[in-house]
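Asker: Using only what follows, build the 3D model:
(chains A and B)
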Amino acid sequence: EVQLVESGGGLVKPGGSLRLSCAASGFTFSTYNMNWVRQAPGKGLEWVSSISSSGNYIYYADSVKGRFAISRDNAKNSLYLQMNNLRVDDTAVYYCARHDWGFDYWGQGTLVTVSS
Amino acid sequence: QSALTQPASVSGSPGQSITIACTGTSSDVGSSNLVSWYQQHPGKAPKLMIYEVNKRPSGVSNRFSGSKSGNTASLTISGLQAADEADYSCCSYAGTGTYVFGSGTKVTVV
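Answerer: The predicted structure is shown next:
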């Protein structure tokens, strides 16, 4: 059974940093592109970042470019999102999602709250 | 990277059919077959319902179908059921490795 489990969310002050993790199991992690997708309270989904299976290709939404960094460790079946210089409008549930022909598996999400 | 446009809400009676439109631009929906649709119940993670415009993942009811014309993609739910009441979001590949989601539509079964 495919499982994606996010962790690392919490309350942080504006300008602070946080590192999210996503532990994957039930599939060959190293062969899939992975993504972070977020959802602000009461709002729609927003694609944040993607990383290719090998880690060689990385893409970001304009809203996080220069502040967030996606990475993966295929030996540990794990995906990461380093978030720096956090802003109030980064407050959201952050989902880890596998991409095949669509975002076919999602984690349960981890809540990041940016507030003073 | 502006969000794709969806109606805020759509409603229908049990057994009816409803269609949700998702309007983008020639840079995303209009130039990509990587259009997908997601169902999300309150407090839950999204679930893939349609990929590549009109393909259904294994296990998704054939009451759900997708199509595209120009810059607009559509999701049709036929034989509406109470369990279909949820939020639905479209998503399109937007070039250079990026994706854009729609604004989301709340489906109500009245």
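
Asker: Need the three-state assignment for residue 30.
Answerer: Using chain A. At residue A:30, secondary structure determined by DSSP: H, G, I helix; E, B strand; the rest coil is helix.

Asker: Correction: the question concerned chain B.
Answerer: Going by three-state DSSP: residue B:30 is helix.

Asker: which residues sit in contact with it?
Answerer: B:24, B:70-71 (Cβ atoms under 8 Å, 6 or more residues apart in numbering or on different chains). In short, each C-beta sits where N, CA and C put it, glycine included.

Asker: Get me the contact residues on chain A for chain B.
Answerer: Residues of chain A lying near chain B by Cβ under 8 Å from any Cβ of the partner chain: A:35, A:37, A:43-47, A:50, A:57, A:59, A:61-63, A:95, A:101-104, A:106-109.

Asker: follow-up on the earlier one: for the contacts of residue B:30, give me TSV that also has neighbour count.
Answerer: Formatted as TSV, the contacts of residue B:30 follow (neighbours: other Cβ atoms under 10 Å in any protein chain shown):
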residue	neighbour count
B:24	25
B:70	10
B:71	18
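
Asker: restrict the residues you listed to contacts with chain A.
Answerer: Contacts with chain A are made by none of the contacts of residue B:30, judged by Cβ under 8 Å from any Cβ.

Asker: What is the nearest of those residues to chain A?
Answerer: residue B:24 (13.4 Å; Cβ to the nearest Cβ).

Asker: any idea which residue sits dead centre in chain A?
Answerer: The centroid of chain A falls nearest to residue A:36 when counting by Cα atoms, centre = their mean (3.1 Å).

Asker: Chain neighbours aside, what residue packs nearest to that residue?
Answerer: residue A:48 (4.2 Å; Cβ to Cβ, 6 or more residues apart in numbering or on different chains).

Asker: Show the pLDDT at the one you found.
Answerer: pLDDT for residue A:48: 98.

Asker: go on, residue B:1?
Answerer: Taking residue B:1 on its own, its pLDDT is 75.
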